[in-house]
Each structure stands twice: as C-alpha cells, then as structure tokens.
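Engineer: model the structure of this input:
(one chain, ligands or ions: 1)
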Amino acid sequence: MPIIDNEIREVIYARDGYRCLRCHREDRLTIDHIIPLSKGGSNSMDNYQTLCSPCNLWKGNMVKSFIGNKHIVPPISAVEEKIMRLQTGTTMRFKKR
Ligand SMILES: [Zn+2]
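Structural biologist: Numbering: from 1, shown residues only. From the prediction side, this is the model:
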C-alpha cells in the first residue's frame, strides 16, 4: 500500500471528523481507498475516506464510499476482527493453490 502523506492524512481525518465513517469509532483510524487501487482507483483526495482498521479489513476490495453515510453500524469486536483475519488468510491460501 502506498504511503499517504501525513498532511493529506490529517486533512482527510479532519474532513471525516476524526472517526470511522462506517462505525464511528475514534481509534485505530486508517485511510481507505474508496475505489481500491487494484480496481483502478487513484491516489487522490476524493478517493480517500476514513475507516478504522477492522472496517477497512471488512471492506476489503469492495468499491464502497461511506462519505455521507447515515447507516452507522456497531464497531467490529476484537473477536470478529480475528475471525475476519483468519478467513482472509484462508481465502488467500486457497487462491494460491
Ligand atoms: Zn469502523
């Protein structure tokens, strides 16, 4: 994943209110590409959104914007996150075969 400039990171976080746009938690924030780079998305400001690390994992390679999102979901628990990471790992192992 390309490194996003700290200044740009700040601007995106400020625009999104320093919280995850999907579940509104305020820690473990990451910058997500609305259209993943693997699907032709660009490294431009309007392709960035703030998601927490578990929601970013959940979103994966989907093309999904949460900007203006009104449907707030409960934050992903540590257990759910662990299961997702295991499932992602499993999927990747399957693909290699
Ligand atoms: Zn979240």
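Engineer: show me which residues of this structure sit near the ion.
Structural biologist: The chain comes close to the ion at residues 20, 22-23, 52, 55, as judged by C-beta under 5 Å from the ion. From N, CA and C alone the C-beta is placed, and that goes for glycine too.
Engineer: the same query, at a cut-off of 8 Å, please.
Structural biologist: 20-25, 51-52, 54-56, 58, 73, 75-76 (C-beta under 8 Å from the ion).
Engineer: for H71, grab the count of nearby residues.
Structural biologist: 6 (other C-beta atoms under 10 Å).
Engineer: mind checking how far it is from the ion?
Structural biologist: 13 Å (C-beta to the ion, to the nearest Å).
Engineer: mind checking which residue lies nearest the centre of this protein?
Structural biologist: N56 (2.6 Å; C-alpha atoms, centre = their mean).
Engineer: for it, helix, strand, or coil?
Structural biologist: At N56 the chain is in helix, as set by DSSP: H, G, I helix; E, B strand; the rest coil.
Engineer: how about it, what does it touch?
Structural biologist: Going by C-beta atoms under 8 Å, 6 or more residues apart in numbering, N56 touches 30, 32.
Engineer: tell me where the chain has strands.
Structural biologist: Along the chain, counting by DSSP state E, strands occupy 29-33, 48-52.
Engineer: in TSV, list those strands along with mean neighbour count and mean pLDDT.
Structural biologist: Below are the strands of the chain laid out as TSV (neighbours: other C-beta atoms under 10 Å; pLDDT from 0 to 100):
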stretch	mean neighbour count	mean pLDDT
strand 29-33	20	97
strand 48-52	24	98
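Engineer: R15: which of those strands is closest?
Structural biologist: For those, the distance to R15 is smallest for strand 48-52, at 7.9 Å, taking C-beta to C-beta.
Engineer: neighbours of the spatially closest residue to K64 that is not a sequence neighbour, just the number please.
Structural biologist: Among residues not flanking K64 along the chain, I34 sits closest, at 7.0 Å (C-beta to C-beta, 6 or more residues apart in numbering). Counted with other C-beta under 10 Å, the neighbours of I34 add up to 18.
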